[in-house]
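Turn this into a model:
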Amino acid sequence: MMFEEAEVHDLKLPLKTYEAVVHKIVDCARYCFSFLPKIGVVKPPPERPNGVSVIFRSCNDEWAELSLKSIKNFADEIVVVDASTDDTPARIKKVAKEEGLNLNFIHMNVPLDSLMGDTETYVYHSNVGLRCTRYRWVVIWDADFIAYTSGPNDIMQLKRFLLNLDPKIFYRVNIGFLYLDGDLFHIGPWGFRIRREVFAFTWAPRVKFYNAGRFEAINFPLYYRRVIVPQIYAVHLVTVKNSRYLLYRKYWTDWREAGDFQRFPRIEDYVKYRLKEDYGVDSEEEGIKVAFAELAKSLKKCNYLLKNCPEVLKEELGNPRYKILYDEKGKIIGRNDMRLD
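The predicted model follows:
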């Protein structure tokens with residue numbers, strides 16, 4: 001199945017019907033309460049330089065360098081909170097020096113050598129990054145996000161929009177993303193949509209991340225006005241990763257939500273258990289095939305990047321590190337780094 005480009009223009013939050021109704025009611029309340037700082041009922045936003053602080057969260061990320069390059073001009077400062085156990089820190093520092101980035105690197109020691117972290121760890125790391133920001137706007141950015149830096153999707157348009165919003169009002173902003181899965185030419189269930197998680201917000205000392213189980217979240221006061229910008233400014237390389245990552249991502253949020261860290265202190269321990277329970281599989285290699293086979297069922301071809309590619313991905317597009325493989329009947333049979341047969 002080929003993705004229809006017309007779908008790009010129908011960006012919306014991924015909400016169920018009842019959730020959408022609740023969101024509309026809450027948003028109306030938020031809009032009304034957002035004037036409280038202007039009339040003196042709530043303290044106005046703190047005095048900070050009108051710029052963008054990016055909290056860049058990384059953990060063993062292969063796309064970290066391109067991700068940083070793509071926000072070079074967008075970010076007035078980049079606060080990297082890194083929990084990697086591989087060479088990601090060295091690669092980040094190298095690109096920061098080469099690109100002249102205003103970067104504050106914070107490496108967090110993790111007690112266990114694990115590919116992915118639990119929610120509580122992510123909450124702690126995110127709040128550390130939040131405390132180190134200096135500008136009015138805080139943007140949450142992960143190391144597998146790639147920003148557009150030219151054309152109609154240029155993220156600098158978003159920056160100008162943010163900086164021109166009323167400085168006496170608190171905001172929380174959601175934007176559009178393109179979610180790629182498997183390789184640069186396929187989308188999965190998410191495709192094109194407004195990112196559900198808040199992308200940017202007005203800094204305030206009471207705003208903190210908290211543990212929401214499967215994910216970390218931010219609990220904003222009711223006087224934060226929600227603004228939705230239905231425009232794609234970035235690409236999320238969700239499962240455009242090495243084959244081992246595909247397997248562990250399949251179970252990552254289940255492990256987080258289960259919270260049985262006495263029994264499964266690392267994601268690796270949980271994945272080994274689930275593979276045996278669910279599929280009777282013992283080896284990681286077989287598990288990777290299982291994870292990819294399930295991912296393949298949801299993939300649709302998408303050539304959007306051939307016409308609208310972020311600048312930093314253009315070289316990668318010509319020689320992609322990952323490429324979904326098909327047989328003569330049009331069935332997915334693997335990827336260039338793995339085969340299903």
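
Low-confidence regions, the stretch 151-300 of the chain specifically.
Within the stretch 151-300 of the chain, no range satisfies pLDDT under 70.

For it, which segments are assigned as helices?
155-163, 243-258, 267-279, 284-297 (DSSP state H, counting those that start in this stretch).

elements contacting the first one?
Other elements packing on helix 155-163 under the criterion 3 or more Cβ pairs under 8 Å, 6 or more residues apart in numbering; DSSP states H and E are strand 52-58, strand 225-237. No exception for glycine: its C-beta is placed from N, CA and C like everyone else's.

Residue 306: which of the helices of the stretch 151-300 of the chain is closest?
helix 155-163 (20.1 Å; Cβ to Cβ).

does the residue most central in space within the chain have beta-bridge partners, and which?
Closest to where the C-alpha atoms of the chain average out (Cα atoms, centre = their mean) is residue 142, at 4.8 Å. Applying DSSP bridges to residue 142 yields these beta-bridge partners: residue 57.

Quick check, it in contact with residue 57.
Yes - taking Cβ atoms under 8 Å as the definition, residue 142 is a contact partner of residue 57 at 5.4 Å.

any common contacting residues for the two?
The overlap between the contact sets of residue 142 and residue 57 (Cβ atoms under 8 Å, 6 or more residues apart in numbering) is empty.

can I get the helices of the stretch 151-300 of the chain in TSV with mean neighbour count and distance to residue 190?
Listed next are the helices of the stretch 151-300 of the chain as TSV, based on neighbours: other Cβ atoms under 10 Å; distance: least, Cβ to Cβ, whole Å:
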stretch	mean neighbour count	distance to residue 190
helix 155-163	18	19
helix 243-258	19	13
helix 267-279	17	22
helix 284-297	17	12
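
Let me have the ones you listed in CSV, extended by distance to residue 45.
Output for these, formatted as CSV (distance: least, Cβ to Cβ, whole Å):
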stretch, distance to residue 45
helix 155-163, 13
helix 243-258, 32
helix 267-279, 38
helix 284-297, 42
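
Of all these, which one is nearest residue 229?
Using Cβ to Cβ, the nearest of the helices of the stretch 151-300 of the chain to residue 229 is helix 155-163, at 6.7 Å.
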